[in-house]
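K.L.:
starting from these lines, generate the structure:
(chains A and B)
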Number of protein chains: 2
Amino acid sequence: MTYDTLYAHILEKESYLCVGLDTDIRKIPSHLLKEKDPIFEFNRQIIDATLPYCVSYKPNIAFYEALGAKGWESLQKTMEYIPKTHFTIADAKRGDIGNTSSLYARTFFDPSASGFDFDSVTVAPYMGSDSVLPFLEFENKWVILLALTSNQGGSDFQRLQTPEGPLYEQVLRTSQQWAGADRMMYVVGATQTQDLAHIRTLVPDHFLLVPGVGAQGGSLQEVSRIGMTSRCGLLINASRSIIYASNGQDFALRAGEEAHKLQQEMAQYLQQYRGV
Amino acid sequence: MTYDTLYAHILEKESYLCVGLDTDIRKIPSHLLKEKDPIFEFNRQIIDATLPYCVSYKPNIAFYEALGAKGWESLQKTMEYIPKTHFTIADAKRGDIGNTSSLYARTFFDPSASGFDFDSVTVAPYMGSDSVLPFLEFENKWVILLALTSNQGGSDFQRLQTPEGPLYEQVLRTSQQWAGADRMMYVVGATQTQDLAHIRTLVPDHFLLVPGVGAQGGSLQEVSRIGMTSRCGLLINASRSIIYASNGQDFALRAGEEAHKLQQEMAQYLQQYRGV
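P.N.:
Purely as a prediction, here's the structure:
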């Protein structure tokens, strides 16, 4: 998907919501466990309920891998079910030497290899350029690079001072030599709004994928006010607050309601903050 | 597997060789393609041929993932085939926020979840403590943390100066607060022997997993001379130089010969450099 297409979907839906499919067999409603593929059945109903309110889906690959080959099949069915109108993110945090990253890229981007055709994959920057570049060889596919994460250990290394500012700044700076705002996004945690303003000065045009709104406690309004560009430039992820809004028979209905609430807020912020 | 058990196997086999199972469907001998599961059949024969000469196997997870659910099944069969006498490494370079890393840990360490029972997994340090600690909650399982890699992009960030030395030194220093030499190893590229000496002063007792000997050009003797401790402290990985030594009918025989050659060198270095 191109930048223009993604932005067009955002305007049409009045939403920059990404629904995180962190589907955990131990957390889904018990009535689904009798289904042949409970994980897919859960995702299918969540997707049906949230489709009008979001522009993106982000399966967290760990949740599927933890179930072995079976989980991988549930993920394949899920990805086939998501319509091409929605930007898909393989939240995989991959990154390895060139020939290995090439294979991770094939995994998520080349349907003839693994069956997947994601729009993007999250990548860890520690191994540098040749761990990232192979993902960019696929046309219209995106790298979403870890920059500043909001987890507790995020500060262990990401904020270490280097001669040109903290490490995450160097990641933002160096990686812009690898691809522009049309192919690269950055993961920036929502709980650090003071940093978000600073990051926007370094990457004024890039989309930022912001997890941590909702269950993790970030403020959607603050993130939108500070992070939004004239072409939105934000994908805000919510996982648990949507998909586990209820664990009864009404889980999909409640997920749809939660997504709708966020979409309504987003419609307002798109008016209010875009292009300010 | 404990440190003591691993060391006992090293002494018994007179080897600290790790065979990297980077099994690529596009590179294996063509006569295997008629098999029901060519990847497993290749691995099975490689394992049979190399078992006496190595102490460890390291499947590179990307190569299996790239084949989707089918690849995952080949990996499961491979892991069931490797005897418990050999230290197994899931070369996955994972790392995410705590609850997600927990799931990656279950994937590779908890047979009741995914079917896998690896001894260790490679982990990327960028997201810090809570991305690593969940892997250490499994008894006798190991984290092999990326420290200094020998790929071209390895210097982009790993060698950035921080107030207390380059980033990779900080990774070595900080991560020692998370686990000792009985549960943590480090990935250190073999092409950087001058750095290896320095790294040994920072982590005098830890096992180092050293890729890059063989096809990638590092010198086994130099790495052994500089990196070996009184209890060996080295696992040296060779992948392509062993598994693709031939791509004819004799591939397994030739792989065994290559592994045997390395083992014979290693037997000599264990005499020569251990405890120097």
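K.L.:
residues near the residue of the stretch 151-276 of chain A at minimum distance from chain B, how many?
P.N.:
Nearest residue of the stretch 151-276 of chain A to chain B, counting by CB to the nearest CB: residue A:153, 2.5 Å away. Any C-beta I mention is one placed from the backbone N, CA and C, and that applies to glycine too. Residues lying near residue A:153 (other CB atoms under 10 Å in any protein chain shown) number 23.
K.L.:
show me the contacts for it.
P.N.:
Residue A:153 is in contact with B:127, B:128, B:129, B:130, B:131, B:132, counting by CB atoms under 8 Å, 6 or more residues apart in numbering or on different chains.
K.L.:
again, but for residue A:70
P.N.:
residue B:69.
K.L.:
so which helix or strand takes in it?
P.N.:
helix A:69-81 (DSSP states H and E).
K.L.:
what does the average pLDDT come to for that helix?
P.N.:
Helix A:69-81 shows an average pLDDT of 95 in the prediction.
K.L.:
how far off centre is that helix?
P.N.:
Counting by CA atoms, centre = their mean, to the nearest Å, helix A:69-81 is centred 18 Å from the centre of its parent chain.
K.L.:
before we move on, back to that, and the gap between the closest residue to the residue of the stretch 151-276 of chain A closest to chain B other than its chain neighbours and residue B:223?
P.N.:
Using CB to CB, 6 or more residues apart in numbering or on different chains and skipping the chain neighbours, the partner closest in space to residue A:153 is residue B:128 (2.5 Å). Applying CB to CB, to the nearest Å, the value for residue B:128 to residue B:223 is 29 Å.
K.L.:
contacting residues around the longest helix along chain A?
P.N.:
Ranked by number of residues, the top helix in chain A under DSSP state H is helix A:251-273. Residues outside helix A:251-273 that contact it (CB under 8 Å, 6+ apart): A:10-11, A:13-17, A:19, A:28-29, A:42, A:45-46, A:48-50, A:52-54, A:214, A:220-221, A:224-225, A:228, A:232, A:236, A:238, A:241-246.
K.L.:
and for stretch A:165-178?
P.N.:
Residues outside stretch A:165-178 that contact it (CB under 8 Å, 6+ apart): A:125, A:129, A:132-133, A:136, A:143, A:145-148, A:157-160, A:162, A:164, A:184, A:186, A:199, A:202-203, B:156-157, B:160, B:162, B:167.
K.L.:
helices of the stretch 1-150 of chain A, start to end?
P.N.:
A:3-13, A:38-50, A:61-65, A:69-81, A:98-109, A:129-132 (DSSP state H, counting those that start in this stretch).
K.L.:
in CSV: those helices, plus distance to residue B:37.
P.N.:
Below are the helices of the stretch 1-150 of chain A laid out as CSV (distance: least, CB to CB, whole Å):
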stretch, distance to residue B:37
helix A:3-13, 39
helix A:38-50, 25
helix A:61-65, 20
helix A:69-81, 12
helix A:98-109, 18
helix A:129-132, 29
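K.L.:
most packed of those?
P.N.:
A comparison of the helices of the stretch 1-150 of chain A by mean neighbour count, using mean count of other CB atoms under 10 Å in any protein chain shown, puts helix A:61-65 on top with a mean of 26.
K.L.:
might you report the residue contacts of the most far-flung residue of chain A relative to its centre?
P.N.:
No residue in chain A sits farther from the centre than residue A:163, which is 30.6 Å out by CA atoms, centre = their mean. Shown in contact with residue A:163 (CB under 8 Å, 6+ apart): B:160, B:161.
K.L.:
ok, now with 6 Å
P.N.:
Residues in contact with residue A:163 (CB atoms under 6 Å, 6 or more residues apart in numbering or on different chains) are residue B:161.
K.L.:
that one and residue B:148: what is the separation?
P.N.:
Residue A:163 sits 19 Å away from residue B:148, going by CB to CB.
K.L.:
and if you look at residue A:251?
P.N.:
For residue A:251, the distance to residue B:148 (CB to CB) stands at 47 Å.
K.L.:
so which of these two has more stuff around it?
P.N.:
Legend: neighbour count by other CB under 10 Å for residue A:251 and residue B:148, higher for residue B:148 (24 against 21).
K.L.:
how about that one: what's its closest non-neighbour residue?
P.N.:
Leaving aside its sequence neighbours, residue B:148 sits nearest to residue B:168 (CB to CB, 6+ apart; 4.3 Å).
K.L.:
skipping adjacent residues, who's closest to residue A:152 in space?
P.N.:
If the residues on either side of it in the chain are set aside, residue A:152 comes closest to residue B:130, at 5.0 Å by CB to CB, 6+ apart.
K.L.:
so who does that neighbour touch?
P.N.:
Neighbouring residues of residue B:130 by CB under 6 Å, 6+ apart: A:151, A:152, A:153, B:98.
K.L.:
in three-state terms, label the first one for me.
P.N.:
Secondary structure, DSSP: H, G, I helix; E, B strand; the rest coil: residue A:151 is coil.
K.L.:
that one and residue B:95 touch, don't they?
P.N.:
No. In this structure, residue A:151 is not within contact of residue B:95 by CB atoms under 6 Å, at 10.5 Å.
K.L.:
more neighbours: which of these two?
P.N.:
The residue with more neighbours, out of residue A:151 and residue B:95, is residue B:95; 29 against 24, by other CB under 10 Å.
K.L.:
you'd agree that one is up against residue B:127?
P.N.:
Yes. Residue B:95 is in contact with residue B:127 according to CB under 6 Å; the separation is 5.2 Å.
K.L.:
next, show the common contact partners of those two.
P.N.:
Counting by CB under 6 Å, 6+ apart, no residue touches both residue B:95 and residue B:127.
K.L.:
all strands of the stretch 51-200 of chain A, in order?
P.N.:
Taking DSSP state E, counting those that start in this stretch, the strands of the stretch 51-200 of chain A run over residues A:56-59, A:87-94, A:120-123, A:142-148, A:161-162, A:165-166, A:184-188.
K.L.:
okay, these, which one's buried deepest?
P.N.:
Among these, strand A:120-123 has the highest mean neighbour count (mean count of other CB under 10 Å), at a mean of 28.
K.L.:
just give the nearest non-adjacent residue to residue A:58, would you?
P.N.:
Leaving aside its sequence neighbours, residue A:58 sits nearest to residue A:89 (CB to CB, 6+ apart; 4.0 Å).
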